[in-house]
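**Student:** When you get a sec, could you give me coordinates for this:
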Amino acid sequence: MGQPGAPATAGVANLDELMPSEDDLLYEEELLRNPYSLKMWWRYIQARSDAPERRKHLLYERALRALPGSYKLWHAYLTERLLAVRGLAPRDPALSSLAHTYERSLVTMHKMPRIWLEYLQLLMDMKLVTQARRTFDRALAALPITQHDRVWVLYLRFLGQPGIPVETAVRVYRRYLQLEPTHAEEFITYLKQQGRWGEAAKRLAGVLNDDTFRSIEGKSKHSLWLELCELITKHPQEVLAEGIDVEAILRGGIRKYKDEVGRLWTALADFHIRRGAFEVARDIYEEGMSSVATVRDFGLIFDALSHFEESLLAAKMAAAGDDADAMGADETEDDGADFLLTDSGDDVDLRLARLEALATRRPALLSAVMLRQNPHNVAEWHKRVKLFTGDPTKQILTYTEAVKTVDHDKAVGKPNTLWIAFAKFYEKHGDVANARIIFNKATQVPYKYVDDLATVWCEWAEMELRHNNFKSALDLMQRGTAAPQRPRKLSPDEERKLPVQERLYRSSKLWSFYADLEESLGTIESACKVYDTMLDLKVATPQIILNYALMLQEAKHWEASFQVYERGTSLFKYPHVADIWAAYLKSFVARYGGSKLERARDLFETAIKGTRTMICPQDPFLSCGEIC
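**Tutor:** Got it, this is the predicted structure:
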């Protein structure tokens, strides 16, 4: 048995440790005279810094009883206590005692953020979730709003700890965003981590609709849009539960972000696929392919649609195989219903045909994309017509749309070739009457260049020639080259401002074709009349002069041909007139030889005056020495 007086002796010893010693008498006497002197209490505590822990705590308690509003004493005391409990288990009684001490300090220190932060950190270390949450709320209520940012940093860290109820954290984050709305991305990230997809999408949509929002993570509105699209397409049910109009959001993105149109269309279709609305998804894909303007976006949508159709076909075939295996052999009883039409739901053939049709339509769809990029691309319209070879109705519709769409001022290529090809299409199919109608309309189009209109007239005349309508071809040329009636003669600058139809009568191409027709189908007089008109209008070229003279020489009208040469030499200068002079002199020498020396000499001298150099190695001027 132990000695009965041992516990009493230990208690007396512990009590003696807490009693002031003789060295403390000086401080004690001074405090008796002035118990509210912070300086004296602080000197007393510092002098006994090596004293036992319990004695130092007693000194702090005595000082704080006298001076409960001293931040210096409370902070030093609580720091001392925190150091003493470092490393202890969360449920240790010493930590609970320290928490009570913090509660006592907050009676007077409730405006001191440092005390609150240390207390909150202690409660977090003790894993007291409810008490910590309530203490955070008390701190925010007690401190001025200018100090709230210091509390919220710790509060958000507390919400990120394991074991915190999601609903609690969500409610706290909502309060935080009222103070710091720019930190919405932190809340969105937390919601995604916790699987709250609906609210995350709603918050992200709200951020995108706020024009004043600036991402603290450096994200652009474009990247936030893509993040929202990915979120709502992968979790459609949760998003719809929040009442979010997904289609309106995605279509708004399609209108706003032209460089990601293909991705947004596929995202919208994927949203409907995950909802099980396959027909709606197919319509979305079709709408996307008919509206995108780049090959890259078209490729994204087309590949996604192809994969979608293939997946549906594979799933349907797999389901059909399972149903066939599951059918029983009970076919002995005839209930009389085998003659009824029943729908077995087997639409594999339909889906296979749909997939094949999609692959067949790809060139036409791609052509439509190219035309949306530039609807005035003439070559692309011609390619589109070729895609519908074998389908005259579609070709006619394509030609009609082309000639209505192409703007001649913006056209890339020659827009007159569309009209010509359209008319030749009717001619190829034996409908010459409609071909004439197309050519007639083509001559009224305000082309940019006169040469384009002249080409149309020439092609129209050639069509008439192919059908042996020679008189109609000549009449067309006469109509095309007829000069318009004007009250006065216009200057060249004024004439250039007129429509091409008003300037067609000066087209060298059209007159040359007209002259060829007259030579072939008309008389020598009618051909001469055409050539003379060309010379009067000054639209003749050196080659036309040579052709005119050669025609007259073939008809044995030598002097008339020489007169044509004379007119040609007066119209052109060197070096263009050189060929005319060469042909003139050669023809004259061949016709007269040395019989008209004086006239020949005058011609050669006139030709030589225009140039000091010989024009070509076979220079007929050298024959001057032979005949003179």
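**Student:** Show the contacting residues for Asn416.
**Tutor:** The contact partners of Asn416, taken as Cβ atoms under 8 Å, 6 or more residues apart in numbering, are Ala442, Val445, Tyr447, Asp452, Leu453, Thr455, Val456. Quick note: C-beta positions are derived from backbone N, CA and C, even for glycine.
**Student:** Now for Ser198: which residues touch it?
**Tutor:** Actually, residue 198 is Gly. It isn't Ser. His235, Glu238, Val239, Ala241, Glu242, Ile244.
**Student:** Ok, Lys316 next?
**Tutor:** Asp347, Val348, Arg351.
**Student:** Would you check how far apart the residue most central in space within the chain and Leu156 are?
**Tutor:** Central residue of the chain (Cα atoms, centre = their mean): Asp259, 1.6 Å from the mean position. Going from Asp259 to Leu156 by Cβ to Cβ, to the nearest Å gives 36 Å.
**Student:** same question, Leu498
**Tutor:** Distance from Leu498 to Leu156, by Cβ to Cβ: 77 Å.
**Student:** ok, back up a step: and of the contacts of Lys316, the nearest to Leu128?
**Tutor:** Within those, the smallest distance to Leu128 is 61.3 Å, found for Arg351 (Cβ to Cβ).
**Student:** With adjacent residues omitted, what lies nearest to the closest one?
**Tutor:** Leu313 (4.7 Å; Cβ to Cβ, 6 or more residues apart in numbering).
**Student:** Over to Tyr60?
**Tutor:** That would be Tyr77: by Cβ to Cβ, 6+ apart, it lies 4.0 Å from Tyr60.
**Student:** OK, contacts around that neighbour?
**Tutor:** His57, Tyr60, Leu64, Thr101.
**Student:** Where do the helices of the stretch 251-400 of the chain begin and end?
**Tutor:** 261-275, 278-289, 295-326, 348-373, 378-387, 392-405 (DSSP state H, counting those that start in this stretch).
**Student:** Turn the ones you listed into a markdown table, columns for mean pLDDT and distance to Leu465.
**Tutor:** Below are the helices of the stretch 251-400 of the chain laid out as a markdown table (pLDDT from 0 to 100; distance: least, Cβ to Cβ, whole Å):
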| stretch | mean pLDDT | distance to Leu465 |
| --- | --- | --- |
| helix 261-275 | 88 | 51 |
| helix 278-289 | 91 | 45 |
| helix 295-326 | 81 | 43 |
| helix 348-373 | 88 | 34 |
| helix 378-387 | 93 | 24 |
| helix 392-405 | 93 | 23 |
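**Student:** most neighbours per residue, which of these?
**Tutor:** Burial of the helices of the stretch 251-400 of the chain is given as mean neighbour count (mean count of other Cβ atoms under 10 Å); helix 261-275 ranks first at a mean of 23.
**Student:** helices and strands around that one, which ones?
**Tutor:** Under the contact criterion of 3 or more Cβ pairs under 8 Å, 6 or more residues apart in numbering; DSSP states H and E, helix 261-275 touches helix 221-234, helix 236-241, helix 246-256, helix 278-289, helix 295-326.
**Student:** So for the third one, what gets flagged as buried?
**Tutor:** Spelled out, that is helix 246-256. Val246, Ile249, Leu250, Arg251, Gly252, Gly253, Ile254 (16 or more other Cβ atoms under 10 Å).
**Student:** what do you get for the second one?
**Tutor:** For helix 236-241, the neighbour count (16+ other Cβ under 10 Å) marks Pro236, Glu238, Val239, Leu240 as buried.
**Student:** In contact with the third one, which residues?
**Tutor:** In this case it means Val239. Trp197, Gly198, Ala201, Leu231, Ile232, Val246.
**Student:** Leu73 now?
**Tutor:** Counted by Cβ under 8 Å, 6+ apart, Leu73 has contacts Leu38, Trp41, Trp42, Tyr60, Ala63, Leu64, Leu67.
**Student:** Restricted to buried residues, select these in PyMOL.
**Tutor:** The following PyMOL line selects those of the contacts of Leu73 that are buried, judged by 16+ other Cβ under 10 Å:
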select buried, resi 41+42+60+63+64+67
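**Student:** how about the contacts of Leu73 in JSON lines, adding distance to Lys394, secondary structure and pLDDT?
**Tutor:** Converted to JSON lines, these look like this (distance: Cβ to Cβ, whole Å; DSSP: H, G, I helix; E, B strand; the rest coil; pLDDT from 0 to 100):
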{"residue": "Leu38", "distance to Lys394": "99", "secondary structure": "helix", "pLDDT": "83"}
{"residue": "Trp41", "distance to Lys394": "102", "secondary structure": "helix", "pLDDT": "84"}
{"residue": "Trp42", "distance to Lys394": "99", "secondary structure": "helix", "pLDDT": "86"}
{"residue": "Tyr60", "distance to Lys394": "97", "secondary structure": "helix", "pLDDT": "85"}
{"residue": "Ala63", "distance to Lys394": "100", "secondary structure": "helix", "pLDDT": "86"}
{"residue": "Leu64", "distance to Lys394": "96", "secondary structure": "helix", "pLDDT": "87"}
{"residue": "Leu67", "distance to Lys394": "98", "secondary structure": "coil", "pLDDT": "88"}
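**Student:** now that we're looking at Met534, how far away is Leu571 from it?
**Tutor:** 11 Å.
**Student:** Could you do Leu154 as well?
**Tutor:** From Leu154 to Leu571 the distance is 99 Å (Cβ to Cβ).
**Student:** pLDDT weak spots in the stretch 1-150 of the chain?
**Tutor:** 1-25 (pLDDT under 70).
**Student:** Which members of the contacts of Asn416 are positioned in helices?
**Tutor:** Ala442, Asp452, Leu453, Thr455, Val456 (DSSP state H).
**Student:** okay but the last one is in contact with Ala442, surely?
**Tutor:** Which is Val456. Yes. Between Val456 and Ala442 there is a contact under Cβ atoms under 8 Å: 4.7 Å.
**Student:** okay, and the common contacts of the two?
**Tutor:** Common contact partners of Val456 and Ala442 (Cβ under 8 Å, 6+ apart): Asn416, Trp419, Ile420.
**Student:** Can you verify the second one is assigned to a helix?
**Tutor:** If I follow you right, that is Trp419. Yes. Residue state for Trp419 (DSSP: H, G, I helix; E, B strand; the rest coil) corresponds to a helix.
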